[in-house]
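**Student:** I'll drop the sequence and a predicted model, then ask my questions.
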Amino acid sequence: MPYRELQFTVVAEIAEPLGDALMELGALSISVEDAAAGGYDENPLYGEPGLSPEVQAWDLSCVKALFDKGLDHPIHDLIAKLKEAGFEVSPPQEVLIEDQDWVRLTQSQFEPIQVGQNIWIVPSWHQEPNIPNAICLAVDPGLAFGTGSHPTTRLCLEWLEQYGSKATSFRQSLLDYGCGSGILAIAAHKLGFKEVFGTDIDPQAIESARANAQQNQTRIQFELPDNIESSIGGQVFDVVIANILANPLQVLAPALIARLKPGGQLVLSGILERQADEVIASYQNSLQLSIWGSDEGWVCLSGKLTSQAPNAVLSTLPSMDAISKKPWDIKKQLLIGLIALLIAYPFVTALWRMPILHALAPIMDSDANLIRWSAFKTAQTIDNFLCKWIPCDRKAVTDFKAWRFLSANLGIEDAKKLDSSFPSGQSLLQIELQNRLAVPVAIPGLELILTDADEKTIARILLSPEEWLPKTWQSSHPDFLLTGASAGEAFNLSIPLQIPPNAARLRVAYPTQSPTNP
């Protein structure tokens, strides 16, 4: 049975209500498209996790309504009914659509895709290519992102294929952050990674990824972010790969780096070429990212997290070979140095104890070497003993790199669910951050940066520690501006925000100035 498609060209504000009115008049389906698609005035709409465009339409939108061929109302009657409902629209363009096998038509649009040298993405209704060494991924188009047709997915797959060709990958682990359909995690497993884990904020993506993993006969664990800690705890990985978008990649920088082993590889995509420098800058304090590849205006960044350098004091100690050559002279010098250290340490620690402990303190969720942990524990034991007898400086160290974001989500929901005193129409910014250094660290301020779709700054919101820290915690820690947050302490925050209508992105960062201490 053929169908009649009526196409109305309208402004963005009435696209959605017009679609609702057409459905009430008997339309079988409604679709809204950019009326300028493919032309100079084409205007893409970008939505980020937790944020979506205020108006789900384009400046000039084409509203397509599908009706049975035997339309109950003549078109002029339909226009009259729309005008009665308050819609001033021009007569629509009419297109006759023949009935077809829509499932087969949809499937015909998706052919096997070759990526790199040997990777093939094959929908389930196609036979696998009979090619030697082909690595076939059975992934059907669905609700979750990741069918292999987008440049960012291809770039990540090409990186995995190149890295997977190394023999070492067969003993390594990988975290797919923002897994979507699970295509990257499945590819990593088939390329030989020993352990693969995937996560996504979208429950439908998790369901899709699990189904695709089962279809590909791969054992991969996929979980929502809330279930990560109970599933893998603080586990770190040899490779962390995230194909999301530029803004969340910047917000998630501490969380992604915290999941990376020293010497591990970080791979980021979903980034436009013009956004690359900004993303690279967000990670420059921890590792040096560079552009690994580009495709159709999108780039893939990669970098290696270098192992922490050995402690400077330990590196100056003489080698065992030197001791064996001049045993008595060396032992005498060591003994003199030890006595001098024991005499000087009480005076030095009275003024400089925290800098000393800070220099030795390891990151609690990393694989710090045994020597560093032993040196820190020894210094901490001596420090605790001396502070019983002499006054010690209690001021926490200032080290923003010690803090990591465990999660950062913006919920478009009524903040009254949190507190009835908040006005309606607000959104909730939910952040979980943690001091991962083994010493107390000064609590930073938080800077929220709202930008529009062109990444122009709309507003900057600077929150002091007194403003974002939970009031109950502040009351139980009256000297927190001096003493900071203890080692490993974490905070769960829910901050209500009034988002401007033209806001498209939110970035959470530390302010440029250091937190003030008494």
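**Tutor:** In hand now; what should we look at? Bear in mind that the values here come from a model prediction, so they are computed numbers and not experimental data.
**Student:** Please count neighbours and contacts with C-alpha atoms only from this point.
**Tutor:** OK.
**Student:** Excluding chain neighbours, what is closest to Ala188?
**Tutor:** Using CA to CA, 6 or more residues apart in numbering and skipping the chain neighbours, the partner closest in space to Ala188 is Leu160 (6.6 Å).
**Student:** That neighbour should be in a helix, yeah?
**Tutor:** Yes: under DSSP: H, G, I helix; E, B strand; the rest coil, Leu160 falls within a helix.
**Student:** neighbours of it, just the number please.
**Tutor:** 22 (other CA atoms under 10 Å).
**Student:** wait, it sits on His189?
**Tutor:** No: taking CA atoms under 8 Å as the definition, Leu160 is not a contact partner of His189, at 10.2 Å.
**Student:** Counting neighbours, what do you get for Glu489?
**Tutor:** Using other CA under 10 Å, Glu489 has 16 other residues around it.
**Student:** give the contact list for it.
**Tutor:** Glu489 makes contact with 434-436 under the criterion CA atoms under 8 Å, 6 or more residues apart in numbering.
**Student:** measure it to Trp473 for me?
**Tutor:** Taking CA to CA, to the nearest Å as the measure, Glu489 falls 11 Å from Trp473.
**Student:** Which ones among the contacts of Glu489 lie within strands?
**Tutor:** Applying DSSP state E to the contacts of Glu489, the entries found in strands are 434-435.
**Student:** Looking at neighbours, which among the contacts of Glu489 is most surrounded?
**Tutor:** Greatest neighbour count in these, by other CA under 10 Å, goes to Asn435: 27 neighbours.
**Student:** Dump stretch 88-104 to PDB, keeping only the CA atoms.
**Tutor:** Extracted in PDB, the C-alpha atoms of stretch 88-104 (Å, rounded to 0.1, in the frame of the first residue of the first chain):
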ATOM      1  CA  GLU A  88       0.100  29.500  10.000                       C
ATOM      2  CA  VAL A  89       1.700  27.100   7.500                       C
ATOM      3  CA  SER A  90       2.100  27.200   3.700                       C
ATOM      4  CA  PRO A  91       0.700  24.300   1.600                       C
ATOM      5  CA  PRO A  92       3.000  21.300   2.000                       C
ATOM      6  CA  GLN A  93       5.000  19.500  -0.700                       C
ATOM      7  CA  GLU A  94       3.500  16.100  -1.400                       C
ATOM      8  CA  VAL A  95       5.500  12.900  -2.100                       C
ATOM      9  CA  LEU A  96       4.100   9.500  -3.000                       C
ATOM     10  CA  ILE A  97       6.000   6.700  -1.300                       C
ATOM     11  CA  GLU A  98       5.500   3.200  -2.600                       C
ATOM     12  CA  ASP A  99       5.200   0.400  -0.100                       C
ATOM     13  CA  GLN A 100       8.300  -1.700   0.200                       C
ATOM     14  CA  ASP A 101      10.000  -4.400   2.200                       C
ATOM     15  CA  TRP A 102      11.300  -1.900   4.700                       C
ATOM     16  CA  VAL A 103      13.400  -4.300   6.700                       C
ATOM     17  CA  ARG A 104      15.200  -5.500   3.600                       C
END
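**Student:** mind listing what's buried in that stretch?
**Tutor:** Pro92 (16 or more other CA atoms under 10 Å).
**Student:** same check, this time on stretch 122-130
**Tutor:** For stretch 122-130, the neighbour count (16+ other CA under 10 Å) marks 122-123, 128 as buried.
**Student:** Look at Val267 and tell me its secondary structure.
**Tutor:** With three-state DSSP as the basis, Val267 sits in strand.
**Student:** Contacts only, for it.
**Tutor:** Counting by CA under 8 Å, 6+ apart, Val267 touches 156, 239-242, 300-303.
**Student:** same thing but at 6 Å, please
**Tutor:** With contact taken as CA atoms under 6 Å, 6 or more residues apart in numbering, Val267 is in contact with 241, 301-302.
**Student:** Make CSV out of those and add neighbour count and distance to Leu174.
**Tutor:** Below are the contacts of Val267 laid out as CSV (neighbours: other CA atoms under 10 Å; distance: CA to CA, whole Å):
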residue, neighbour count, distance to Leu174
Ile241, 25, 7
Leu301, 24, 16
Ser302, 21, 14
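**Student:** now, which of the residues you listed lie within strands?
**Tutor:** Counting by DSSP E, the contacts of Val267 place 241, 301-302 in strands.
**Student:** I'd like to know which of those residues is nearest to Pro248.
**Tutor:** Relative to Pro248, the closest of these is Ile241; by CA to CA it sits at 13.5 Å.
**Student:** ok, what's across the strand from the closest one?
**Tutor:** Legend: beta-bridge partners of Ile241 under DSSP bridges are Asp176, Val267.
**Student:** Double-check it against Asp176; I have them as touching.
**Tutor:** Yes: counting by CA atoms under 6 Å, Ile241 touches Asp176, with 5.1 Å between them.
**Student:** export the ones in strands among the contacts of Val267 to JSON lines and tack on pLDDT?
**Tutor:** Below are those laid out as JSON lines (pLDDT from 0 to 100):
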{"residue": "Ile241", "pLDDT": "97"}
{"residue": "Leu301", "pLDDT": "96"}
{"residue": "Ser302", "pLDDT": "96"}
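**Student:** Adding distance to Ser61, write the residues you listed out as JSON lines.
**Tutor:** As requested, the ones in strands among the contacts of Val267 are arranged in JSON lines below (distance: CA to CA, whole Å):
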{"residue": "Ile241", "distance to Ser61": "36"}
{"residue": "Leu301", "distance to Ser61": "35"}
{"residue": "Ser302", "distance to Ser61": "39"}
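**Student:** Cool, thanks, signing off.
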